[in-house]
Each structure stands twice: as structure tokens, then as C-alpha cells.
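Chemist: Sequence first, then the predicted structure:
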Amino acid sequence: MCGSSLQTRREVGDTLTLADRIKAGEVRTVSRLITLLENEDPGGVAILRLLVSNLHRAAVIGITGYPGAGKSTVIAQLVAAYRRRGMKVGILAVDISSPVTGGALLGDRIRMQEHTLDSEVYIRSMATRGHQGGLAHATSDATLVLEAAGYEVILIETIGVGQNEVDVVDVAHTVVAVVAPGLGDEVQAMKAGLLEVAHIVVVNKGDLAGSDTALRDLRDWYPTVLRTIATTGEGIPELVAAIAEHQRLRDLQGSSARLMRKGTGF
Ligand SMILES: Nc1nc2c(ncn2[C@@H]2O[C@H](COP(=O)(O)OP(=O)(O)O)[C@@H](O)[C@H]2O)c(=O)[nH]1
Ligand SMILES: [Mg+2]
């Protein structure tokens, strides 16, 4: 009896210590907790419960699109832009193709290289052995961990195919769909799917032939369509501004919804 209550006390103590380490932004503990949550570990869930009571408000931005559209390159540019503003940035790469080919992840590492030595940038590829939808769940949990650790911007990279990905999109406040010219059929397919949930559409590879046509075509369908050349950074300030504007409108809507609820006594 006595032994087990001691044990429990020690476990509670561990939980508190780990939670404090996360709040202090200790990167190793952040990684350890995300792994526990990927494995649906009850101890990890207990720590997360402690953390969510006191969250910072991070901007959570989903970057979706087909492989090769330039998501990672756009993200590397966004990271640079947010770092110039002194913000702490977390990146979650939810790339279901990576465990199969390994290639996408390697490519991402190369594109993110300049940021990997920056202690204010956290990069993690997500994996889960859990049930269907587990990836979306683990990503949502990881977002909370990063918020608790003081990350101010969280970028989630996903491939825009499959139900799992659309679930991940639910985690993000602002969803940016990245398309590239020359992927004509895929743009058509995306119109019926992921583009529907996107708040901002980016035609990347604006230096390639066909980008004008893609822009014109998409502007018939979506209010916010931007052109970027992620390899040079062209169009990135406009994308940062569009994301900020979307978050501002969303926050306004959120507070007016709260006011309405107050007004009607709910
Ligand atoms: N020409 C051109 N190539 C680009 C641009 N953005 C990315 N790329 C290239 O497209 C390839 C795929 O980019 P990546 O960011 O890995 O795409 P992801 O699979 O969507 O993450 C890489 O070789 C990039 O260098 C761009 O604006 N113009
Ligand atoms: Mg990528």
C-alpha cells in the first residue's frame, strides 16, 4: 500500500516536472512528450492535460498540397520571415509518403537545413502507429505541446490527399493550399477536395510557364490567390500578410461569437 502510494506520488512529481520543462521550452522534453502522445501513452496524456490549462496563443498554419508543389520550400521561407520578427517557430511535417519512400523527408531536411541550427525553430516529422485518424490526433496533441512550450507560430505540412489530411486541416486556424503550374489535373482534383477547405491558395513556382493560367483559373474560384516563387522568396511577404489578415478576421469572428453567446445568456 505504502509503496504504491509513494510510487504514485513520484509519478505525479514526474508529471509536474515534465510539464514545467515543457513550459520552459526544453526541446528534448518537447520531443519526448510528442513521442509519448504518438504512442497514446497515458502518462503523456496526463502531462498534456496539465499543459492545456495554461496555453499561449499560437498561430497554427496548415500548408497543404501535392508532393513537389513546393510546400517545404514555402515553409522554409515562412520560417525565415517569422524568425526575422523574432518569433519562435515549430514545424510539424505530416507526410504519409515519407515512411514509404524516405525521399520526401530527406528533401525537407535539406530545405530546412538553414533553420536546423536555430534553437528557436523546432522541426518534427509526425508518425503514429495508432488507429485511423491517429495521425491527425497526434498532430493536434503535438500542436498543444508546442503552444505550451511557447512556440508562437506552428506550421503543419501535409500532403493534400486522403481523409487523414483533411482531419489535420481541422487542427490549423489558417489553411494554405500550395499548387504549382503544370499539375493541371491535380488542380482540378484539388478544387473538388482540399481547395474547398483552404483559406489561402498559393500558386507556387511563379517563375514557370503556366503560372499565369493557373492564377487566372484559380482566381475565378477563390478570393485569395497569391503567386510565389519559394526558391527566391518572391511573394512571401504577401503570403505572410494574407495569413495575418486571415488570423485577424478569425479572431474578430471568434470574439464576436463569444460576445453573442454572452448576450444571449449562454
Ligand atoms: N522553379 C521553382 N522550383 C521550386 C519553387 N519552389 C520549390 N521548387 C522546387 O520544387 C521541388 C519540390 O519542392 P518541395 O518544397 O520539396 O515540395 P513539397 O513536396 O511540396 O514539400 C524542389 O526541387 C524545389 O527546389 C519555385 O518557386 N520555383
Ligand atoms: Mg515537403
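Modeler: Nice, thanks for sending it over. Ligands and ions are numbered 1, 2, ... in the order given.

Chemist: Tell me who's in contact with Leu51.
Modeler: Leu51 is in contact with Ala19, Ile22, Lys23, Leu144, Val145, Ala148, counting by CB atoms under 8 Å, 6 or more residues apart in numbering. Where you see a C-beta, it was placed from the backbone N, CA and C, and this is true even at glycine.

Chemist: wait, is the fifth one part of a helix?
Modeler: Yes: note on Val145: a helix contains this position according to DSSP: H, G, I helix; E, B strand; the rest coil.

Chemist: In contact with it, which residues?
Modeler: Ile22, Val30, Leu33, Ile34, Leu37, Leu48, Leu51.

Chemist: Of the contacts of Leu51, just say which sits nearest to ligand 2.
Modeler: Each of these was scored against ligand 2 by CB to the ion, and Val145 proved nearest at 21.9 Å.

Chemist: got a markdown table for the contacts of Leu51, with pLDDT and distance to Thr224 too?
Modeler: Listed next are the contacts of Leu51 as a markdown table, based on pLDDT from 0 to 100; distance: CB to CB, whole Å:
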| residue | pLDDT | distance to Thr224 |
| --- | --- | --- |
| Ala19 | 91 | 38 |
| Ile22 | 94 | 35 |
| Lys23 | 92 | 35 |
| Leu144 | 94 | 28 |
| Val145 | 95 | 30 |
| Ala148 | 94 | 31 |
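
Chemist: Return the member of those residues nearest to Ser125.
Modeler: Nearest to Ser125 among those: Val145, at 14.8 Å, using CB to CB.

Chemist: burial measure for the nearest residue to that closest one once chain neighbours are set aside, as a count.
Modeler: Closest residue to Val145 apart from its sequence neighbours, by CB to CB, 6 or more residues apart in numbering: Leu33 at 5.3 Å. Leu33 is flanked by 26 other residues according to other CB atoms under 10 Å.

Chemist: for the host helix or strand of Leu33, which positions count as buried?
Modeler: Using DSSP states H and E, Leu33 sits within helix 27-38. Residues of helix 27-38 classed as buried: Thr29, Val30, Arg32, Leu33, Ile34, Leu36, Leu37, Glu38 (neighbour count, 16 or more other CB atoms under 10 Å).

Chemist: touching ligand 2 at all, the helix or strand containing Val176?
Modeler: According to DSSP H and E, Val176 maps onto strand 174-179. No: judged by CB under 5 Å from the ion, strand 174-179 stays clear of ligand 2, getting no closer than 9.6 Å.

Chemist: That strand pairs with which strands?
Modeler: strand 59-65 (parallel), strand 200-203 (parallel) (DSSP bridges).

Chemist: Compare those and give me the one nearest Glu238.
Modeler: Comparison of these against Glu238 by CB to CB identifies strand 200-203 as nearest, at 9.6 Å.
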